[in-house]
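Novice: Next input, structure requested:
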Amino acid sequence: MSGAGAHERYAEVTAEILSRAPESDIDPTLDRVRTVLDLLGDPHRNFRVVHVTGTNGKTSTARMIDALVRGRGLRVGRYTSPHLRTVRERIVVDGEPISQERFVEAYDDIRPFLEMADAMSDVRLSFFEILTVMAYAVFADAPVDVAVVEVGMGGSWDATNVVDGDVAVVTPIGIDHTEYLPDTLDGIAEEKAGIIKPGSVTVMAQQPLPAAEVLLRHAAEVGSTVAREGLEFGVTSREVAVGGQQVAVKGLTGNYENLFVPLFGEHQASNAAVAIAAVEAFSASEDAAGLDPVIVGEALAGIDSPGRMEVVRTSPTVIADAAHNPAGMIATVAAVEEAFSFSRLVGVVAIMADKDVEGVLEPLEPLLDEIVVTRNSSPRSLDPAQLADIARQIFGEDRVHVAARLDDAIDQAVGLAESGGEFGGTGVLVTGSVVTSGDAVHLLRGSGDQ
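Specialist: This next block holds a predicted model:
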């Protein structure tokens with residue numbers, strides 16, 4: 001097939017998948033995914049798994065685990081969500097998103113079995129369920145030694161949870177997705193604990209006490225060994241460095257000094273510690289003495305986390321960040337205050353209508369001089385006029401501006417930043433949603449294919 005023809009076929013396939021029920025429309029069961037995988041011969045049983053859940057930091061932690069495992073010479077598949085610029089970035093082999101051609105091949109391979117499974121159920125497989133099956137099939141076909149799998153939402157009934165992870169990683173838990181998950185920390189933790197399997201190792205980031213109690217109880221019930229940040233492992237020191245931070249980590253089996261992490265914020269140092277502990281736990285049977293500190297240093301120094309405190313433009317500095325819940329925004333604000341010294345900072349914010357809008361906006365109030373509210377490319381984005389009404393209650397009338405489109409909002413924010421700040425000391429923070437961050441990267445860095 002010619003290049004143009006292959007791209008056209010890829011566009012058809014992505015449109016076909018996207019026509020399915022979206023990630024925000026969930027029918028919680030594993031039956032449909034299990035049916036397709038059974039028809040395919042259970043490809044998800046052909047590799048070991050590190051399974052990652054939590055509320056914030058999942059994708060960054062998964063990317064770090066991937067890099068650390070590849071540093072040990074193993075072939076790794078990584079499945080994360082949502083995507084920023086192209087749906088292909090969800091399915092990664094050897095550190096690279098699969099090609100358009102491979103994406104089409106993977107879909108065509110499983111399509112007959114999807115049709116069979118659809119005919120056996122009252123509900124067709126969703127967008128996320130299809131991508132999960134595709135990822136597992138691609139990983140088995142590659143083949144990979146290890147899959148680093150990020151939960152889409154929750155844990156117990158998430159489509160990814162047909163695998164039995166050698167290691168279950170739980171990043172910090174907070175209140176989010178309450179239209180599908182419980183509205184309490186212990187209730188959310190109960191759902192996320194579902195990825196913890198018998199005989200596994202559970203690596204826990206620091207958690208609120210109600211969440212920690214639930215996770216520890218579930219791990220004990222199923223016979224999973226637990227490693228807790230702040231007790232069995234953790235960050236022992238960190239300091240801001242140009243382009244990121246210098247970190248020291250006490251691991252489960254070794255100590256790792258002078259690690260350069262090219263990401264901003266205390267939360268990313270914590271993510272690095274969790275990732276190291278997860279790979280130590282995964283590798284314990286082969287490397288009882290711990291990981292090679294040189295390999296750890298090289299892997300983390302090369303890490304990136306697109307759309308997470310990503311500087312996408314300079315003069316003025318424009319930062320795209322995916323914070324979309326109160327805990328995530330608190331971490332973002334702390335990271336900006338620590339890593340940057342803006343004389344003037346203007347925010348561009350678009351938030352999904354089903355989020356805790358006040359909780360997302362309030363941490364930004366002391367950080368931003370002015371705010372431009374807008375919408376992102378999702379149909380779930382809150383109407384800018386409604387968002388402005390809420391923002392005015394927090395920021396006051398004079399500090400809030402409204403733009404109908406994100407590109408116009410960024411342009412307006414750049415003008416506001418430059419008009420009132422010192423040259424070289426102004427900035428724009430684009431945030432409020434993963435989609436908002438991805439749209440900003442798309443606008444300022446170039447387009448993805450879907």
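Novice: same for the lowest-mean-pLDDT helix or strand in the chain, what does it pack against?
Specialist: Every helix and strand in the chain was compared by mean pLDDT, DSSP states H and E; the lowest is helix 3-18, with a mean of 88. Helix 3-18 sits against helix 100-119, helix 127-141, with contacts defined as 3 or more C-beta pairs under 8 Å, 6 or more residues apart in numbering; DSSP states H and E. Where C-beta positions appear, they are placed from N, C-alpha and C, glycine not excepted.
Novice: so Val435 sits in a strand?
Specialist: No - looking at Val435 with DSSP: H, G, I helix; E, B strand; the rest coil, it is helix, so not inside a strand.
Novice: Quick check: it touching Thr374?
Specialist: No - using C-beta atoms under 8 Å, Val435 is not in contact with Thr374, being 11.9 Å away.
Novice: Please identify every residue contacting each of these two.
Specialist: Residues touching both Val435 and Thr374 by C-beta atoms under 8 Å, 6 or more residues apart in numbering: Ala350.
Novice: higher neighbour count, these two?
Specialist: Neighbour totals were compared for Val435 and Thr374, and Thr374 leads with 29 against 24 (other C-beta atoms under 10 Å).
Novice: ok, now which ones touch the residue nearest to Asp356 when sequence neighbours are not counted?
Specialist: Leaving aside its chain neighbours, Asp356 sits nearest to Pro326 (5.9 Å; criterion: C-beta to C-beta, 6 or more residues apart in numbering). Pro326 makes contacts with 174-175, 356, 359-360, 362-363, as judged by C-beta under 8 Å, 6+ apart.
Novice: Tell me which of those residues fall in helices.
Specialist: Using DSSP state H, 359-360 are the members of those that sit in helices.
Novice: Return the member of the contacts of Pro326 nearest to Leu406.
Specialist: The nearest member of the contacts of Pro326 to Leu406, counting by C-beta to C-beta, is Val360 at 16.4 Å.
Novice: residues near the closest one, how many?
Specialist: 25.
Novice: right, and it touches Ala323 too?
Specialist: Yes - using C-beta under 8 Å, Val360 is in contact with Ala323, at 7.3 Å.
Novice: For Met1, give me the pLDDT.
Specialist: With respect to pLDDT, Met1 has a value of 57.
Novice: what mean pLDDT would you report for stretch 63-79?
Specialist: Computed over stretch 63-79, the average pLDDT equals 97.
Novice: Make TSV from the contacts of Pro326 and add distance to Ile65 and pLDDT to it.
Specialist: Putting these into TSV (distance: C-beta to C-beta, whole Å; pLDDT from 0 to 100) gives the following:
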residue	distance to Ile65	pLDDT
Gly174	21	84
Ile175	25	74
Asp356	29	94
Gly359	29	96
Val360	27	97
Glu362	32	98
Pro363	28	98
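Novice: Let me know the closest of the contacts of Pro326 to Ala6.
Specialist: Distances from Ala6 to these, taken by C-beta to C-beta, are shortest for Val360, at 40.4 Å.
Novice: Name the nearest residue to the closest one, ignoring sequence neighbours.
Specialist: Counting by C-beta to C-beta, 6+ apart, the residue nearest Val360 is Met329, at 5.2 Å.
Novice: do Ala284 as well
Specialist: Ala284 sits nearest to Thr253 (C-beta to C-beta, 6+ apart), 7.0 Å away.
Novice: wait, that neighbour sits on Glu286?
Specialist: No - contact criterion C-beta under 8 Å: Thr253 and Glu286 do not qualify, at 11.4 Å.
Novice: Looking at the two, which one has more neighbours?
Specialist: Thr253 (16 against 7).
Novice: Of the contacts of Pro326 - the most surrounded one?
Specialist: Val360 (25 neighbours).
Novice: what's it in contact with, if anything?
Specialist: For Val360, counting by C-beta under 8 Å, 6+ apart, the contacting residues are 323-326, 329, 349, 351, 432.
Novice: how much space between Val146 and Val167?
Specialist: 10 Å (C-beta to C-beta, to the nearest Å).
Novice: Among these two, which residue is more densely surrounded?
Specialist: Neighbour tally, Val146 and Val167, criterion other C-beta under 10 Å: the higher count belongs to Val167, 29 against 25.
Novice: Could I get the contacting residues of that one?
Specialist: By C-beta under 8 Å, 6+ apart, Val167 lies in contact with 49-51, 200-203, 278, 281-282.
Novice: Same question for Arg238.
Specialist: So Arg238 contacts 245-248, 266, 269 (C-beta under 8 Å, 6+ apart).
Novice: what do you get for Ile17?
Specialist: Contacts of Ile17 by C-beta under 8 Å, 6+ apart are 87, 107, 127, 130-131.
Novice: ok so, going back, list residues touching both of Thr253 and Glu286?
Specialist: Counting by C-beta under 8 Å, 6+ apart, nothing touches both Thr253 and Glu286.
Novice: related to what we said a few turns ago, just the contacts of Val360: which are in strands?
Specialist: Judged by DSSP state E, strands contain the following of the contacts of Val360: Val349.
Novice: can I get the contacts of Val360 in CSV with distance to Ser315?
Specialist: Shown next, in CSV, are these (distance: C-beta to C-beta, whole Å):
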residue, distance to Ser315
Ala323, 24
His324, 28
Asn325, 31
Pro326, 32
Met329, 26
Val349, 22
Ile351, 27
Gly432, 24
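Novice: for the contacts of Val360, which one is nearest Ile98?
Specialist: Nearest member of the contacts of Val360 to Ile98, counting by C-beta to C-beta, is His324, at 26.3 Å.
Novice: what pLDDT does the closest residue to that closest one other than its chain neighbours get?
Specialist: Leaving out its chain neighbours, the residue that sits closest to His324 by C-beta to C-beta, 6+ apart is Ser433, at 4.8 Å. pLDDT, Ser433: 96.
Novice: Is Ile390 within a helix or a strand, and which one?
Specialist: helix 384-395 (DSSP states H and E).
Novice: which helices and strands does that helix pack with?
Specialist: helix 357-361, strand 370-373, strand 400-402.
Novice: Can you dump the C-alpha atoms of the first one in CSV for me?
Specialist: Coordinates of each C-alpha in helix 357-361 appear next as CSV, following Å, rounded to 0.1, in the frame of the first residue of the first chain:
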residue,chain,number,x,y,z
VAL,A,357,-14.0,23.1,38.8
GLU,A,358,-13.7,25.2,41.9
GLY,A,359,-11.2,22.7,43.4
VAL,A,360,-9.1,23.0,40.2
LEU,A,361,-9.2,26.8,40.0
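Novice: how about the helix or strand where Gln245 lies: buried residues?
Specialist: Here Gln245, judged by DSSP H and E, is contained in strand 244-250. By neighbour count on 16 or more other C-beta atoms under 10 Å, the buried set for strand 244-250 is 244-250.
Novice: Among those residues, which one sits closest to Ala404?
Specialist: Gly244 (35.7 Å).
Novice: dump the residue contacts of that closest one.
Specialist: 260-264.
Novice: Let's see that with 6 Å instead.
Specialist: 261-263 (C-beta atoms under 6 Å, 6 or more residues apart in numbering).
Novice: go on, Thr225?
Specialist: So Thr225 contacts Val201 (C-beta under 6 Å, 6+ apart).
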